[in-house]
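Q: I need the structure of the sequence given here:
(3 chains)
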Amino acid sequence: MTVLWYTARRFLYVIPQVIGISLVTFVIVRLLPSNPAYALAGPAATQETIDEIQKRLGLDQPIWTQYWKYFVDLIHGNFGNSFVSGRPVLSDIGDRLPATLELLILGLAIAFVIGVPLGVLSALGRGRRIAGRASLGYGLLAGAIPDFWLGLILVWLFYTKLNIAPAPLGQLGADVQPPRNITGAVALDALLTGDWAALQSALGHLVLPLVTLVFVYMAPIVKYTRSSVEDVYYGSEFIEQYRANGLSHRAILVRALRNGLPPVITIVGVLFGFLLGGLVLIEQVFAWGGFGQYAVQAITNSDFSAVEGFVVVAAIFNLIVYLAVDLLYFFVDPRLRARAS
Amino acid sequence: MALLEVEGLTTQADSPRRGVVTTVKGFTASVGEGEILGIVGESGAGKTVLLRTILGILNRNERVAAGEIRFRGELLPVLDDEAMRPRRGSSISLIQAGQRARLDPVRRIGDQLMDVMGSHDRVPKQERGARAEELLRSVGIPDPRHQLRAYPHELSGGMSQRVVIALALANSPELLMADEPTAGLDVTIQVQILDLFRQLVRDTGAGSILATRDLSQVAHYCDRILVLRAGEIVEQATVKEFFAGPKSEYGRELIQAARAARGEDEEAPRRRRRGDEPPLLEVRDLVKHYKTQRHVVHAVNGISFTIKQGETLALVGESGSGKTTVGRCLAGLIHPTSGQITMLGRDIGHISTRKRSKHAELETHVVFQEPRESLNPRWTLGKSVEEPLRYGTRLDARGRAQRVVELFEQVGLPPEYADQLPHQTTAGIQQRVAVARAIAVHPKLLILDEPTSALDMSVKAQIVDLLIRLQEELGLSYLFISHDMTAVKMIAHQIAIMYLGTIVEHGPSAEVFERQVNPYGRALLSSVLFPDPDQDRSRLRLQGEIPSAIELPPGCPLSSRCPLVQPRCTEARPPLAPVPGMDRLSACFRTDEILAAGGVDELHAAERRAA
Amino acid sequence: MSIEPETRALEEETGHLDSAAGPPLTAAVQRGELNGVGGFVRSNRALAIGLAIVAISIFLMAFGPLIGTHSPTSEDFTATLTGPSGEHWFGTDQNGRDIFSRVLAAPRVDLYIALVSTAFAMAIGVPLGVLATGTSRLGELTGEWLLRAMDVIQAFPVFILALALVAGFGASAFNVIIALTVLQFPVFLRLTRGAALGIRGRTFVEAARIGGAGTGGVMFRHVLPNSVGPALVGASVAVAQAILITAGLSFVGAGIRPPTPEWGAMISDGAQNLITGQWWPSVFPGLALGIVVLGYALVGDGLRLYLDPSRRR
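A: You can find the predicted model right below:
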């Protein structure tokens, strides 16, 4: 019961936050010196054309009116139309978001599944010192390499030199028919519709971006797992007590893990929030057609509505992720349930 | 054949800073069935290493260099972790200090008990649930069936420690070891735990070891004593023999340090109440309530007392008594909710510490419990002592430097120490520096908040001696807040016993120690252990645990636990009133009856007979 | 660019001192053992390497364009996209510019931006962080609002915010600095605030107040010196992150533009050539970037170890 109540309270909290973010975005975007009308009109346009465009876009109104219209629309779920594509921003986003989500979810899932055991092993396994150094080295290396550069190197190695990987031209090979659109994520759609040819191509195209993502972003997961498990296993008094009471190594390990989980959950949550926009560089390298790229294009085109839409969606996503993290904490740590009530 | 035999045990550890350190040297001793062996030593003496070695849990940097350990005649393979595991927590088990920290925070108590039983095969599976409940009951946890499903954070410190004991007992150990089992617990709870420990040992016939820093515990709960110093056995004897006359120099020192306040020592004079000095500090009806979003903490609920010049008032009580809060109000760190604090005729209750520095005589400086914590780790000792001089005096830099030298000498430290950093010195030195800082601007009143509680036995005595000397030299008054009864006995003229925010008994220190007329006063002081096995062991037992200051029991604060409770005790709060025929104040409705029966214990016994 | 999530997590550690999870990097472990710096460095090889890299990078920032084999911006269309050779150690790009010289010249841009923006961010964030711990009612209120404002700033996807600011105001080094400063100062604010909160409650601060120190005295003489540690650690991480973000911005075309030598822009320029097999325009800048970032990360790790004696190995 307390869990539901807590969730409800958090959601109520989310709303003013989103409003705040939308306001700030709006102000920043509209106050920027660049004017989309110029961009749309082109270098040779006359003043009349520009005025015409401005009127069409509603940019000639005083700023309060603009905001009010924006706000009212927002509440109704209308994010406005993109200046560039003319389509509703929400549908544009709807096209691009699933691709990023597919990469993001798959990538972090793999990073978690491989990274956590690696972290545990490097904290506790035989040859701890070597494993510790190795994981430290890996962490530093992965943190220093620009992810887009790694992507490029992988492309060069596996596509240009070795010819194993497909060309970095998006989610699907150019010669393959895209599957029926259900979710927008190509590989998933292919799986759902049983389109094996598309699935094969999609998976092939997923490999390099995933490897890039996982290599770079698994590092913090390994690092935090290792340090947390190490701290709990070697530093906790209750683990000492378990040992003194004769519990088996495996039993102690499991219990140490359970207690060491929270920082790992945190870092995964942080990564989730960060990568939604942060994947843009990898997306760029592989021409993935994702959410981050959408934002980049919107910004360079001064497409106000699109930028605002992007930011609001990203912010909501972030807040949901953090809420999920906090809820997960609840399940893991009974002390928090007590505190929340 | 003894249950446990240790012969020539020597262990070593690799320390990054000091190379190879020998932690236990040539240790030879034995423990028989049904007997309690007490191992006494200061911190670092090697008690914990010894117990861990017996269990076979050594750290990565530790090893056994020589010697052997036999259990029931069988050689223990202490270096082989897997071979030792079947014994750990079943035939040999260990109770450690730490209370709640020793329990897994994310698992229920009952599950943790099942874990221990499940790791060995002594208790058949189908009986484990019932046994878990029985274990909780046998360690005195009320409503055990319900508590099986509790999480550690729902338990108090005392309850948690009982669970730790239950875990150790789960598989009916033949050798039960305890390492500082009462560390961090309140005095009345400590004796509860120790009583429980002894009773369990007697009931199960297990052999046991009690390792502690506190000589008094050994005096009362052990059959034999073993004194450990820097890893070596200094003396071994029965408890009776040892306390009658220790054979080693160190043994004598320990008894001396622990016993100094017994009162029969000519060395420690009793402090008589000063007759006619004028009052320095008057506190009237002091109240402090903390309001948080959800509830109100009634920390202090109407306290009144007076301290004369040159006098020491000890404020004594357990956790939740409010004594620390009183100290902070007096120091000006917090503002009282209501009430008056008057010093030299001026109301200082609402003057913050900063403003007080303008009038040095109104200043009340504080000496804190953790000496190292009370010093800025980046500042030299000299700089810390100098700081109050900057605010409270008009001395220039040279004047201040001179005064710092004076102060160091006054507290018995060579002035060269002024250039050291805290972490380069010992706790004793750090606390002296704290005292020097506290007297720097010639205050009239010093508040000492548990100044000796974190120190080793020998250092405690030195600090108390220093404080007494300074009091006589400088005419200082002290508010001595503490639960360290030996220190209190040495230094206090007056003692006021607090419980849940009120004073329940107040009188001249020597007389109160001799005889208490308030039920809580009696319970508390009779729970204090002195290093004398012949000390009168009659004790007034209180039921249950100390209630929280958020929900005070109605009427008398002790009403939920007092063995002499009557209906009228829950209807109104007894006022702190003079006790006829003696120089004493007590807050109890039954004072007259207590006096008539000849004492608290006597009245209690009479009522039990009648029932 | 995986460093940014770590700064967030670092914040969580210090910002929530009583959280149920994880080891707190509280100021409580700052023992102030300033003696032994040299010894510590000598014993920790990684830190020594990091410091060396940092030193080299700063040297290059100052003198890079001058010590290359060619001028970093001069074009030579007769020698476009030639591979590494005796003449051009790292080869040339599609405009015939010498890559080696450009790689050496880039720190003047990349590192300069990173250092300046981090310095600004600290200058703003650290004092605000200490201020945000105010105990007076006014102080608490300002603290609350400051935190809310930080929440808002930090809710924006990092890279996108930087991009938006830069794209909006034009692509110049100065604007990138501004963008990065805005991005980074919340982290410093939180780190410092977390440490200051921890220090504020400690006994020696109470002792100082009893001695007569007012809020200001306490802040400056006790709280601030003991709270700077996490900020210092954060600084090196911030510099590393700033370099990566700058490179990333240039990579998408929103940051520094050619012909100014800048690693990200160079990688971007060389990206299409990679596919056709000329690896040197992109690989060398990337390597240099990685090494420098590594250096700052090593220094950050070393600092963290130094300030937390219980973790020293």
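Q: count of neighbours near residue A:109?
A: 12 (other C-beta atoms under 10 Å in any protein chain shown). To be clear about C-beta, it is placed using only N, CA and C from the backbone, and glycine gets the same treatment.
Q: from residue A:298, how far out is it?
A: To residue A:298, residue A:109 is 29 Å away according to C-beta to C-beta, to the nearest Å.
Q: now residue C:131
A: Residue C:131 is 37 Å from residue A:298, by C-beta to C-beta.
Q: these two: who's more crowded?
A: Taking other C-beta under 10 Å, residue C:131 and residue A:298 do not tie; residue A:298 has more neighbours (31 against 17).
Q: the more buried one is in what secondary structure piece?
A: helix A:291-300 (DSSP states H and E).
Q: same thing with residue B:158?
A: Of the helices and strands defined by DSSP H and E, residue B:158 is found in helix B:157-169.
Q: can you check residue B:305 too?
A: Using DSSP H and E, residue B:305 sits within strand B:296-308.
Q: in stretch A:231-245, what's buried?
A: A:231, A:232, A:233, A:236, A:238, A:239, A:240, A:241, A:242, A:243, A:244, A:245 (16 or more other C-beta atoms under 10 Å in any protein chain shown).
Q: and that stretch, average pLDDT?
A: Averaging pLDDT along stretch A:231-245 gives 89.
Q: next one: stretch B:39-52
A: Mean predicted confidence for stretch B:39-52 is 88.
Q: over to stretch C:125-142?
A: The average pLDDT for stretch C:125-142 rounds to 76.
Q: alpha carbons only: can I get it in PDB?
A: The C-alpha trace of stretch C:125-142 is given here as PDB (Å, rounded to 0.1, in the frame of the first residue of the first chain):
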ATOM      1  CA  GLY C 125      29.600  26.100  -8.000                       C
ATOM      2  CA  VAL C 126      31.800  25.800  -5.000                       C
ATOM      3  CA  PRO C 127      30.900  29.000  -3.200                       C
ATOM      4  CA  LEU C 128      27.200  28.500  -4.100                       C
ATOM      5  CA  GLY C 129      27.500  25.000  -2.700                       C
ATOM      6  CA  VAL C 130      28.700  26.300   0.600                       C
ATOM      7  CA  LEU C 131      26.100  29.000   0.700                       C
ATOM      8  CA  ALA C 132      23.400  26.500  -0.100                       C
ATOM      9  CA  THR C 133      23.900  24.900   3.300                       C
ATOM     10  CA  GLY C 134      22.700  28.000   5.200                       C
ATOM     11  CA  THR C 135      21.100  27.400   8.500                       C
ATOM     12  CA  SER C 136      19.200  30.600   8.800                       C
ATOM     13  CA  ARG C 137      15.700  30.600   7.400                       C
ATOM     14  CA  LEU C 138      16.800  32.800   4.500                       C
ATOM     15  CA  GLY C 139      19.800  30.500   3.900                       C
ATOM     16  CA  GLU C 140      17.600  27.400   3.900                       C
ATOM     17  CA  LEU C 141      15.200  29.000   1.500                       C
ATOM     18  CA  THR C 142      18.000  30.000  -0.900                       C
END
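Q: what does it contact?
A: Contact with stretch C:125-142 is made by C:143, C:146-147, C:184-193, C:196-197, C:200, C:215, C:219, C:223-224, C:227-228, C:231, as judged by C-beta atoms under 8 Å, 6 or more residues apart in numbering or on different chains.
Q: check the offset of it from the chain's centre.
A: Computed by C-alpha atoms, centre = their mean, to the nearest Å, the chain-centroid distance of stretch C:125-142 equals 25 Å.
Q: list the buried residues of that stretch.
A: Neighbour count says stretch C:125-142 has C:125, C:126, C:128, C:129, C:130, C:131, C:132, C:133, C:134 buried, by 16+ other C-beta under 10 Å.
Q: number of nearby residues for residue B:319?
A: With other C-beta under 10 Å as criterion, residue B:319 counts 17.
Q: quick check: closest non-adjacent residue to it.
A: residue B:186 (5.4 Å; C-beta to C-beta, 6 or more residues apart in numbering or on different chains).
Q: and for residue B:92?
A: Nearest to residue B:92 is residue B:175, by C-beta to C-beta, 6+ apart, at 4.6 Å.
Q: could you check how far that neighbour is from residue B:499?
A: Where residue B:499 is concerned, residue B:175 sits at a distance of 39 Å (C-beta to C-beta).
Q: which one of the two is surrounded by more residues?
A: residue B:499 (27 against 21).
Q: for that one, which non-adjacent residue is closest in space?
A: Distances taken as C-beta to C-beta, 6+ apart put residue B:520 closest to residue B:499, at 5.0 Å, once the chain neighbours are dropped.
Q: other SSEs contacting the helix or strand in which the one you found is found?
A: Using DSSP H and E, residue B:520 maps to helix B:519-527. Helix B:519-527 sits against helix B:187-204, strand B:494-499, strand B:502-508, helix B:509-514, helix B:600-610, with contacts defined as 3 or more C-beta pairs under 8 Å, 6 or more residues apart in numbering or on different chains; DSSP states H and E.
Q: what about the longest helix in chain A?
A: Looking across chain A with DSSP state H, the single longest helix is helix A:196-235.
Q: so the helix or strand just after that helix versus helix A:196-235, what angle?
A: The first helix or strand that comes after helix A:196-235 along the chain, using DSSP H and E, is helix A:237-244. Angle, helix A:237-244 to helix A:196-235, by axes from the mean of the first three to the mean of the last three C-alpha atoms, to 10 degrees: 80 degrees.
Q: show me what whichever helix or strand comes after helix A:237-244 is packed against.
A: Sequence-wise, the next helix or strand downstream of helix A:237-244 (DSSP H and E) is helix A:249-278. For helix A:249-278, the elements it packs on are helix A:89-124, helix A:196-235, helix A:237-244, helix A:291-300, helix A:304-332, helix C:3-15, helix C:158-169, judged by 3+ C-beta pairs under 8 Å, 6+ apart.
Q: one more pass at 10 Å, please.
A: Under the contact criterion of 3 or more C-beta pairs under 10 Å, 6 or more residues apart in numbering or on different chains; DSSP states H and E, helix A:249-278 touches helix A:89-124, helix A:196-235, helix A:237-244, helix A:291-300, helix A:304-332, helix B:109-118, helix C:3-15, helix C:158-169.
Q: ok, of these, where does mean pLDDT dip lowest?
A: helix C:3-15 (a mean of 50).
Q: ok, back up a step: please convert the buried residues of stretch A:231-245 to JSON lines, extending it with distance to residue A:122.
A: Output for the buried residues of stretch A:231-245, formatted as JSON lines (distance: C-beta to C-beta, whole Å):
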{"residue": "A:231", "distance to residue A:122": "14"}
{"residue": "A:232", "distance to residue A:122": "14"}
{"residue": "A:233", "distance to residue A:122": "12"}
{"residue": "A:236", "distance to residue A:122": "18"}
{"residue": "A:238", "distance to residue A:122": "23"}
{"residue": "A:239", "distance to residue A:122": "18"}
{"residue": "A:240", "distance to residue A:122": "22"}
{"residue": "A:241", "distance to residue A:122": "25"}
{"residue": "A:242", "distance to residue A:122": "22"}
{"residue": "A:243", "distance to residue A:122": "21"}
{"residue": "A:244", "distance to residue A:122": "26"}
{"residue": "A:245", "distance to residue A:122": "27"}
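Q: among these, which two are most distant?
A: A:231 and A:245 (20.8 Å; C-beta to C-beta).
Q: mind putting the buried residues of stretch C:125-142 into a markdown table with secondary structure?
A: Converted to a markdown table, those look like this (DSSP: H, G, I helix; E, B strand; the rest coil):
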| residue | secondary structure |
| --- | --- |
| C:125 | helix |
| C:126 | helix |
| C:128 | helix |
| C:129 | helix |
| C:130 | helix |
| C:131 | helix |
| C:132 | coil |
| C:133 | coil |
| C:134 | coil |
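Q: ok, residue B:278 touching residue B:475?
A: No. Taking contacts as C-beta atoms under 10 Å, residue B:278 lies outside contact range of residue B:475: 11.9 Å.
Q: what strand or helix carries residue 281?
A: Chain wasn't specified; assuming chain A. Per DSSP H and E: helix A:280-286 holds residue A:281.
Q: the chain in question should be chain C.
A: Using DSSP H and E, residue C:281 falls in helix C:280-307.
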